[in-house]
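>>> Give me coordinates for this.
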Amino acid sequence: MKILLLGGTADARRLCDRLITQNVDVIYSIAGLVRTPDLDCEILVGGFTQFGGLTQYVKENGIELILDVTHPYAQKMSDQAVVTAKETEVPVWRFHRPAWVATDKDDWQFYRNFDELVALLEKYSCPLLSAGQLSLEALMCLHEQDNFKKLVWRTAVPPKFCYEKLTKLHWVKAIGPFLYQDEKILIQTQDIDVIVSKNSGGSSTSAKLQVAQDMGLKVLILERPILLEPNREFDSLIECADAIMQSRIKPR
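Presented below is the predicted three-dimensional model:
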């Protein structure tokens, strides 16, 4: 079985390693924006435009299964995988981490888009923006709000634009996993009064949620996108790997 694994997450690396040890032929694809993993298989870096698109690549390389283990918010890639599966009749399976679920001790509120976020932030003065990349236009919009004394923006990849004129903006480059104590120090030293986050799931970036709970801080969470349905979907890496091993020829 020849598998194209759409990766870019710690879960993807773990699943890829597991399949390699079982002698499964895996091609691992990654955007390569943060770092390239050390895996004992063929690694594609930079997307599929260089090959004429995902569909063309699948057709020309004898792919028998597309395995989507991208980030839960990588909507464009996940949806394209489903479209390619339909166009090529090659099945697509998906693993995504289960979403975080609030307890009665948490103070969370969900938002669907940037406009909703701006409205929810009106009563705060120093947010930790930890929901990924933002456009210069979005940052300028936030910067113009009178209520903000400072905007702390944390990403794994440096912005591709000049932001020095945004005097309220403090950019922090950091790659998870994040420890509780480090998150607490950041939040305290920067006088954070609200946290903005994606619902990424897993433990790599969840420490800030525990800090927020302990400090009584509000957390504003971007809702997960609604994705096109794959042929099969998993929320357990072990179950996903076992299903692949049980379907070594033309899995459906």
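>>> which residues touch Gly176?
Gly176 sits next to 156, 204-205 when contact means CB atoms under 8 Å, 6 or more residues apart in numbering. All C-beta spots, glycine's among them, are computed from the backbone N, C-alpha and C.
>>> Could you dump those residues into CSV and include pLDDT, distance to Ile27 and secondary structure?
Compiled in CSV, the contacts of Gly176 are given as follows (pLDDT from 0 to 100; distance: CB to CB, whole Å; DSSP: H, G, I helix; E, B strand; the rest coil):
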residue, pLDDT, distance to Ile27, secondary structure
Ala156, 90, 24, coil
Ser204, 90, 24, coil
Thr205, 94, 27, coil
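>>> Which stretches in the stretch 101-250 of the chain count as helices?
114-120, 136-143, 180-189, 207-215, 237-246 (DSSP state H, counting those that start in this stretch).
>>> Figure out which of those is closest to Asp106.
helix 207-215 (5.4 Å; CB to CB).
>>> quick one: which of the contacts of Gly176 is nearest Asn113?
Nearest to Asn113 among the contacts of Gly176, counting by CB to CB, is Thr205 at 21.2 Å.
>>> Can I get the buried ones among the contacts of Gly176 as something I can paste into PyMOL?
Under the burial definition 16 or more other CB atoms under 10 Å, those of the contacts of Gly176 that qualify are selected in PyMOL by:
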select buried, resi 205
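>>> need the contacts of Gly176 in a markdown table with distance to Asp107, can you?
Formatted as a markdown table, the contacts of Gly176 follow (distance: CB to CB, whole Å):
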| residue | distance to Asp107 |
| --- | --- |
| Ala156 | 26 |
| Ser204 | 22 |
| Thr205 | 18 |
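>>> which is the next helix or strand following the longest helix seen in the chain?
In the chain, assigned by DSSP state H, the helix with the most residues is helix 75-88. Following helix 75-88 in sequence order, the next helix or strand is strand 92-95 (DSSP states H and E).
>>> Go through the helices of the stretch 101-250 of the chain and pick out the most buried.
Counting by mean count of other CB atoms under 10 Å, helix 207-215 has the highest mean neighbour count of these, with a mean of 18.
>>> can you list the domain ranges for the protein.
Following automatic domain parsing, one finds the domains of the chain at 2-98+225-246, 108-222.
>>> Quick one: mean pLDDT for the first one?
For domain 2-98+225-246, the mean per-residue pLDDT is 94.
>>> can you tell me the distance between the two ends of it?
14 Å (CA to CA, to the nearest Å).
>>> what do you get for the shortest one?
Using CA to CA, the span of domain 108-222 from its first residue to its last is 10 Å.
>>> Any idea how far stretch 156-163 is from the middle of the chain?
Stretch 156-163 sits 17 Å away from the centroid of its parent chain (CA atoms, centre = their mean, to the nearest Å).
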